[in-house]
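[1] Provided below are the primary sequence and the corresponding predicted coordinates.
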Amino acid sequence: MNRTACGEHPRLRVVAAPEIGPALVRIAQKYTKDGGCAAISVRTRSSADTADQLGLRKDVADVWVPDASVWADFARARGADRGLLVQGTSIAHSPVIMAVTQETATKLALHPGEPSWTLLIPTSATKKRLPRAFTTLPTPSRYASGLAALNVLNAVVADRPDMLKIVQGVTANLKRAIVPSEEALFGLLDRPSGGTDPVIVAGEQAVWRHNDARPEHRAIGLYPKEGAIALDYPYVPMTRDPVTRQAAEEFRRAVTSQEGRTLLRAAGFRDPAGRAGPAMDERHGVRTEPPRDIPAPDTRTTLRALLSMRLLLADTRALLLLDISGSMAEKVPGLTRTRMEATAKFAEAGVRNLPKGSDVGLWVFSTNLDGDKDYKEIVPVGPLKERAPQVVRGLRGLPGSTRGDTGLYDSVLAAFRSASKHQVKDMLSSVIVFTDGRNDDPHGISRRQLVTTLRREFKPTQPVTITLIGYGDGIDAGELRQIARVTNGVAMVARTFDQAQQIFLQVIANRVCVDRGRCAPQDR
């Protein structure tokens, strides 16, 4: 376009995933040199961070290029303006593959057969090929490549029940297999420890980029025989201004032009059809031929997986809400301890086993406990290192404090509201309730009022889940389930105190039920 023909010179703000940003800068420079009208600025920011900002309806850019379409879906689910965040057009692809050191690649070559995604699964076959292998992937809650790996694993073992159970176990213990950044991921290949064989998951372009910058520590890309899911880099216009929208469309045409795609291929990307340029070569640890395409799951499934990963991998902010009504002074059958003594004991063990990075606090409840209130804060929620000793002291003082009836409804609502008010970014807030009876406060709110209020105030994008653990014959299981369901929580009833202890320790240790159906057998 001839600049003298431009009636206006709009400013176009582009925010892009860090790896594709430099190529977009070069394309913008070419666009300007060729007489483009818009003044284009390109900034880079992680797709997860941008999605979070859009979810808060922040004005971050006129065009967004995340690494995968799921981030636009996530931003919409978080509250982004659906009319503004339109469907994007893919401008590049980067299949998600595995990578190893040259030494590990040589070991694998000694065994017949192509690489498989099952290398990520700790089976006897894997150990036979790489006895000292360990697998690592980028955090699936913040990197689309990590999420794609989990989706591929589920697809690969979908018709193999034996393998599916192993994959579910890997997912449940995912914190052991992830690193927080791409730099840390490739650092495992740069500095493998003790003769181990690290196997990492990354986008093909990330492997290409690592080898371009650090050829002395070359990573070898492994292309699984089953195929790969590709990161699709959608070009998403995000402006209502007609002049800016026209500028966004002009820049999109420049990006998808032959010259634009040549620049993207030169940076280690494939075009949306999977075609690579001459830079995709063995020197960069990758190959020109694309892997077989495994279609990504539908939008709803992928978004649900991302939301589940956010819950599974988030640090816990746990508010313990314990029943100290008079019935908690009863002896536990077969034990010399009272219910309160036994509850305080296993709650103390649970607090000591909370994951690092957690927050914890302690409330108790019974009728008219604090004036006309049925609940009382013993220790406010705060960092585990600081609060754990205070919570333990509070728990040890509970056996001599039992009194009154079960003021469940008012207490649950107050705890929920407190947890909602004091949420911390990137932490999973939860209220963990332990009780041995049903609500018994005629002066408090009704069950209907509680459920209606929780439904109205619960925010799916900033969830506070309520998990209720009931013990004994005085429990109303339907009551507990109805309360939990409104916040996507779980209600569990223990018939023995051993069961109660096991359930409590599982819940407080942040073993989140990603698939609610897997919690069903414990519901009563």
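    Done, it's in.

[2] Which strand residues bridge Thr467?
    Ile432 (DSSP bridges).

[3] Show the average pLDDT along the one helix or strand Ala206 maps to.
    For Ala206, the host element (DSSP states H and E) is helix 204-213. Taken as a whole, helix 204-213 carries a mean pLDDT of 97.

[4] Starting from that helix, tell me the next helix or strand along the chain.
    By DSSP H and E, the next helix or strand past helix 204-213 is strand 220-222.

[5] tell me the mean pLDDT for the helix or strand following that following strand?
    Once strand 220-222 ends, the next helix or strand along the chain (criterion: DSSP H and E) is strand 230-231. The average pLDDT within strand 230-231 is 96.

[6] Quick one: residues in contact with strand 230-231.
    Applying Cβ atoms under 8 Å, 6 or more residues apart in numbering, the contact partners of strand 230-231 are 67-68, 93-96, 144-145, 148, 203, 205, 270, 274, 293, 296. The way it works is simple: take the backbone N, C-alpha and C, and place the C-beta from them, glycine included.

[7] Show me what the next helix or strand after that strand is packed up against.
    As assigned by DSSP H and E, the chain's next helix or strand after strand 230-231 is strand 234-237. Applying 3 or more Cβ pairs under 8 Å, 6 or more residues apart in numbering; DSSP states H and E, one finds that strand 234-237 contacts strand 63-65, strand 89-90, helix 242-256.

[8] between those, which one is nearest to Leu110?
    strand 89-90 (38.5 Å; Cβ to Cβ).

[9] That closest one pairs with which strands, parallel or anti?
    strand 234-237 (antiparallel).

[10] buried ones in the strand it pairs with?
    Under the neighbour-count criterion of 16 or more other Cβ atoms under 10 Å, strand 234-237 has 234-237 buried.

[11] Ok, stretch 387-407 next?
    For stretch 387-407, by 16+ other Cβ under 10 Å, it's 387-388, 390-392, 394-395, 398-399, 401-402, 404-407.

[12] do stretch 411-420 as well
    Quick answer for stretch 411-420 (16+ other Cβ under 10 Å): 411-416, 418-420.

[13] and if you look at stretch 324-338?
    So for stretch 324-338, counting by 16+ other Cβ under 10 Å, buried means 324-325, 327-329, 332, 338.

[14] Just name the closest of the contacts of strand 230-231 to Pro180, please.
    Ser145 (13.5 Å).

[15] dump the residue contacts of that closest one.
    67, 96, 137-138, 201-203, 206, 231.

[16] Return the per-residue confidence for the closest residue in space to Leu120 that isn't next to it in sequence.
    The shortest distance from Leu120 to any non-neighbouring residue, by Cβ to Cβ, 6 or more residues apart in numbering, is to Thr135 (4.6 Å). On pLDDT, Thr135 comes in at 81.

[17] correct me, but Thr135 touches Asp197?
    No: with contact defined as Cβ atoms under 8 Å, Thr135 does not reach Asp197; the gap is 9.6 Å.

[18] Now the common contact residues for the two.
    By Cβ under 8 Å, 6+ apart, no residue touches both Thr135 and Asp197.

[19] tell me the contacts of the spatially most central residue of the chain?
    Geometric centre of the chain, nearest residue: Arg310, 2.1 Å, by Cα atoms, centre = their mean. For Arg310, the contact set (Cβ under 8 Å, 6+ apart) comprises Ser141.

[20] For the strand or helix carrying it, give the mean pLDDT please.
    In this structure, Arg310 sits in helix 299-313 according to DSSP H and E. For helix 299-313, mean pLDDT rounds to 79.

[21] which secondary structure elements does the following helix or strand past that helix contact?
    Downstream of helix 299-313, the next assigned helix or strand under DSSP H and E is strand 315-323. Applying 3+ Cβ pairs under 8 Å, 6+ apart, one finds that strand 315-323 contacts helix 339-352, strand 359-370, strand 373-383, helix 408-421, strand 427-435.

[22] For Gly187, which of those is the nearest?
    strand 427-435 (26.3 Å).

[23] elements contacting the closest one?
    strand 315-323, helix 408-421, strand 464-471, helix 497-508.

[24] tell me the angle of that strand relative to strand 315-323?
    For strand 427-435 against strand 315-323, the angle by axes from the mean of the first three to the mean of the last three Cα atoms, to 10 degrees is 20 degrees.

[25] Output strand 427-435 in CSV, but only the C-alpha positions, please.
    As requested, the backbone C-alpha atoms of strand 427-435 are provided in CSV (Å, rounded to 0.1, in the frame of the first residue of the first chain):
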residue,chain,number,x,y,z
MET,A,427,-5.0,-20.3,44.4
LEU,A,428,-7.8,-22.7,44.7
SER,A,429,-10.1,-21.5,47.6
SER,A,430,-12.0,-24.2,49.4
VAL,A,431,-14.1,-24.6,52.6
ILE,A,432,-13.6,-28.0,54.2
VAL,A,433,-16.4,-28.8,56.6
PHE,A,434,-16.5,-31.7,59.1
THR,A,435,-19.7,-32.4,61.0
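
[26] Buried residues of that strand, list them for me.
    428-435.

[27] chain center to that strand: distance?
    19 Å (Cα atoms, centre = their mean, to the nearest Å).

[28] average model confidence for it?
    Here the average pLDDT along strand 427-435 is 91.

[29] Going along the chain from it, find the next helix or strand for me.
    Criterion used, DSSP H and E; the element after strand 427-435 is helix 447-457.

[30] That next one vs strand 464-471, what angle?
    150 degrees.

[31] what's helix 447-457 packed up against?
    Secondary elements touching helix 447-457 (3+ Cβ pairs under 8 Å, 6+ apart): helix 408-421, helix 477-486.

[32] which strands and helices sit next to the longest one?
    Pointing back at helix 408-421 there. strand 315-323, strand 359-370, strand 373-383, strand 427-435, helix 447-457, strand 464-471.

[33] State the mean pLDDT of the shortest one.
    Okay, so that is strand 464-471. 92.

[34] report the angle between the axes of it and helix 299-313?
    Going by the same axes, to 10 degrees, strand 464-471 makes 70 degrees with helix 299-313.

[35] would you put the C-alpha positions of strand 464-471 in PDB?
    Only the C-alpha atoms of strand 464-471 are listed here, as PDB (Å, rounded to 0.1, in the frame of the first residue of the first chain):
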ATOM      1  CA  VAL A 464     -14.800 -21.300  46.200                       C
ATOM      2  CA  THR A 465     -15.700 -25.000  46.500                       C
ATOM      3  CA  ILE A 466     -17.400 -26.400  49.600                       C
ATOM      4  CA  THR A 467     -16.500 -30.000  50.600                       C
ATOM      5  CA  LEU A 468     -18.500 -31.500  53.300                       C
ATOM      6  CA  ILE A 469     -17.500 -34.600  55.300                       C
ATOM      7  CA  GLY A 470     -20.100 -36.100  57.500                       C
ATOM      8  CA  TYR A 471     -19.700 -38.800  60.200                       C
END
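
[36] picking that back up, quick one: which of the buried residues of stretch 411-420 is nearest to Gly478?
    Nearest to Gly478 among the buried residues of stretch 411-420, with distances taken as Cβ to Cβ, is Val412, at 15.1 Å.
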